[in-house]
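Visitor: okay, predicted coordinates and the sequence, questions at the end:
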Amino acid sequence: MNENYPTIPYIGFKDENLKTPITFPAQHQNFQPGLEYEMKPLPLFDNPNYKPSEKLKDKVAIISGGDSGIGRAVSLLFAKEGADIVISYFNEHEDANYTKKLVEAQGRKCILIPGDLRDENLSTYIADTTIKNFGKIDILVNNCGVQFPQNSILDITSKQLRATFETNIYTFFYLTKAVLPHMEANSSIINTTSITAFAGKKNLIDYSATKGAIAVFTKSLALSLADQKIRVNAVAPGPIWTPLIPSSFNEQEVEVFGTETPLKRAGQPFELAPAYLYLASDDSRYVTGQIIHVNGGTIV
């Protein structure tokens, strides 16, 4: 396990290490969607002061992109609340294995399934594997994504456009279609959209378009599944310190990432995870077709 990570069994970041940084050291990664263990500082994916209350006792959750960033924070929080976790991820094996250890340290089971979700067959395999091991699927978190900043729409090639849409929205369709036949009433689907779906971003035109598609996908699917009592909601993060940031932006942009928000800093994954927990649990049983904004105070 990489020496940058805290040791296992994991007992949480110490309180004095939970201070959220205002700015970040200049850094860049050439791999998308990035490696968490190479980030400096590491994202804060856990709140050591959190007190679980079995909100997801014996539930089963599938989380795409669950190896790192927001997905890791959600995986760990769900495990603390009693859920077993199936993590779909691309090929960031070291990050994924560390997240698996985090989940298992909470006394829950965790299955890792690597692969490219742009292949629809992988979604079928994920659903079948989950049913084989756990016999049910209660929660689906569609969370994988990529972004490739460009200064102009003229710089967005057809190859990039396909990669962005196929990763960010096609995969949500594929995994939802594979999982849905196994879901029963009171199940929950949670999609990760973005502040860019509402505010736009001039150098992320194709990414913002996919996030807008996710927002409308969420609302339409919620209406479609209401009679089945399956709830569909989304979370719209603002700037969050995840591997996608140093793997997307240049060193100068990373240094000031998030400082444009009213709270003058980027968010940390652990600050976002409770929104997913709310939407996954019975606390939100009268909530569907909605989007929760966690963005540092930006009004959209």
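Guide: Nice, I can see it. Residues are numbered from 1 along each chain as shown.
Visitor: doesn't Ala26 fall inside a helix?
Guide: No - going by DSSP: H, G, I helix; E, B strand; the rest coil, the assignment for Ala26 is coil, not a helix.
Visitor: that one reaches Phe249, doesn't it?
Guide: No - using C-beta atoms under 8 Å, Ala26 makes no contact with Phe249, being 10.4 Å away. All C-beta spots, glycine's among them, are computed from the backbone N, C-alpha and C.
Visitor: which one's more surrounded, those two?
Guide: Neighbour totals were compared for Ala26 and Phe249, and Phe249 leads with 18 against 13 (other C-beta atoms under 10 Å).
Visitor: let me see the confidence value for the nearest residue to that one once chain neighbours are set aside.
Guide: Leaving aside its chain neighbours, Phe249 sits nearest to Pro149 (6.4 Å; criterion: C-beta to C-beta, 6 or more residues apart in numbering). Each residue has a pLDDT score; the one for Pro149 is 97.
Visitor: what residues are up against Pro149?
Guide: Asn203, Leu204, Ser248, Phe249 (C-beta atoms under 8 Å, 6 or more residues apart in numbering).
Visitor: all the helices of the stretch 151-300 of the chain, residue numbers only.
Guide: Counting by DSSP state H, counting those that start in this stretch, the stretch 151-300 of the chain has helices at residues 158-165, 171-179, 196-199, 205-225, 244-248, 251-255, 269-280.
Visitor: how big is the angle separating the first one from helix 171-179?
Guide: For helix 158-165 and helix 171-179, the angle between their directions (axes from the mean of the first three to the mean of the last three C-alpha atoms, to 10 degrees) works out to 40 degrees.
Visitor: which residues touch helix 158-165?
Guide: Val146, Gln147, Phe148, Gln150, Asp206, Tyr207, Ala209, Thr210, Ala213.
Visitor: again, but for the second one
Guide: Among residues not part of helix 171-179, those counted as contacts by C-beta under 8 Å, 6+ apart are 62, 64, 88, 117-118, 120, 122-124, 126-127, 130, 137, 140, 142, 144, 189, 191, 214, 217, 221.
Visitor: what do you get for the shortest one?
Guide: Outside helix 196-199, the residues that touch it by C-beta under 8 Å, 6+ apart are Leu204, Tyr207, Ser208, Lys211, Gly212, Ile214, Ala215, Ala236, His293, Thr298, Val300.
Visitor: show the buried residues in the residues you listed.
Guide: Among the contacts of helix 196-199, those classed as buried by 16 or more other C-beta atoms under 10 Å are Leu204, Tyr207, Ser208, Lys211, Gly212, Ile214, Ala215, Ala236, His293.
Visitor: wouldn't the second one be in contact with Thr167 here?
Guide: No - under the criterion of C-beta under 8 Å, Tyr207 lies out of contact with Thr167, with a separation of 9.9 Å.
Visitor: give the residues shared as contacts by the two.
Guide: Residues touching both Tyr207 and Thr167 (C-beta under 8 Å, 6+ apart) are Gly145, Val146.
Visitor: tell me the one among the buried ones among the contacts of helix 196-199 nearest to Lys264.
Guide: Within the buried ones among the contacts of helix 196-199, distances to Lys264 taken as C-beta to C-beta reach their minimum at His293, with 17.4 Å.
Visitor: mind checking pLDDT for that closest one?
Guide: The model reports His293 with a pLDDT of 98.
Visitor: list the contacts for it?
Guide: Applying C-beta under 8 Å, 6+ apart, we find His293 in contact with Ile195, Phe198, Ala236, Gly238, Val300.
Visitor: okay, those in a markdown table with distance to Leu263 and pLDDT next?
Guide: Below are those laid out as a markdown table (distance: C-beta to C-beta, whole Å; pLDDT from 0 to 100):
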| residue | distance to Leu263 | pLDDT |
| --- | --- | --- |
| Ile195 | 13 | 98 |
| Phe198 | 18 | 98 |
| Ala236 | 16 | 98 |
| Gly238 | 9 | 98 |
| Val300 | 15 | 90 |
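Visitor: spatially, which two of the residues you listed are the most separated?
Guide: By the measure C-beta to C-beta, Phe198 and Gly238 form the most distant pair in the contacts of His293, at 10.3 Å.
Visitor: these two - which one has more neighbours?
Guide: Neighbour totals were compared for Phe198 and Gly238, and Gly238 leads with 23 against 18 (other C-beta under 10 Å).
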